[in-house]
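1. Got a sequence here, can you build the structure:
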Amino acid sequence: MAGRDYRGMSAAERLADRRERLISAAYTLFAQPGFHATTIERLCATARISNRAFYECFSSREDLMRAVYERCIEETLASVSEAIDAAPPTLDDRIVAGIAEYIRFVTKDVRRARLMHLEVRRAGNVLSGARQQAVASFTKVIESSARGARVPALDLHLLALGLIGAITELLIEWVMTEPSPPTEQLIDTAVYIFRRTFSSDGPLAASAQ
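-> Down below sits the predicted model:
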């Protein structure tokens, strides 16, 4: 029965436990060997649950991939937002704090980096909607940090999208290249790109005054 305890866990707790075990297994397996190379059978074996129990937690392998990706985005957004909030209230300080935290947090665990910047693309249409939402969330962070900026002849939203794209490509390079470029070098490069955009002779110069 749904409400009966089993080994000290209610039905709801058992379901939540299985779901977390699947997310943990997928976090590793979807990163390497990758989403398309990982079967439901392998996920269940790693999570130590039955194939039948899988479908009590997720409707499909794609549904699990979406849950893992969204968890990565949620954790990264929280870490970046906290770093920006703790930074001095100048545009440059907020930019540097946000960039540095994003790159350090994502590269702290190569699985997160691979999921967010490699497997999300390889998964194709499976994550297109989730990826768009993630980009929109990070775009809002940049726009909020640059609130009040004057952007003559340029759109702040489009600038934010372009800057996100630059960081994404830097992290793809970090994931794909052997040996990977140093994390601090990625940060320095991204900060340079952002500062050129927001510099005294750049389009957002007025906001830094």
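2. Can you tell me which residue is spatially central in the protein?
-> Ile73 (3.5 Å; Cα atoms, centre = their mean).
3. Tell me which residues touch Glu184, please.
-> For Glu184, no contacting residues are found, by Cβ atoms under 8 Å, 6 or more residues apart in numbering. Using the backbone N, CA and C atoms, a C-beta is placed for each residue, glycine as well.
4. is it true that it lies in a strand?
-> No. Per DSSP: H, G, I helix; E, B strand; the rest coil, Glu184 lies outside any strand segment and is helix.
5. and the least confident helix or strand in the chain by mean pLDDT, what does it pack onto?
-> Sorting the helices and strands of the chain by mean pLDDT, DSSP states H and E puts helix 120-122 at the bottom, at a mean of 88. With contacts defined as 3 or more Cβ pairs under 8 Å, 6 or more residues apart in numbering; DSSP states H and E, helix 120-122 has no helix or strand neighbours.
6. about what we covered before: quick one: the residue nearest to the centre of the chain from Ile167, how far?
-> Here Ile73 is placed at a distance of 14 Å from Ile167 (Cβ to Cβ, to the nearest Å).
7. which residues touch the least confident helix or strand of the chain?
-> Contact partners of helix 120-122, identified using Cβ under 8 Å, 6+ apart, comprise 34-36, 69, 127, 130-131.
8. Same check on stretch 99-111?
-> The contact list for stretch 99-111 (Cβ under 8 Å, 6+ apart) reads 27-28, 31-32, 75-76, 79-80, 82-84, 112-113, 116-117, 167, 170-171, 174-175, 183, 186-187, 190-191, 194.
9. Show the buried residues in those.
-> 27, 31, 76, 79-80, 83-84, 112-113, 116-117, 167, 170-171, 174-175, 183, 186-187, 190-191, 194 (16 or more other Cβ atoms under 10 Å).
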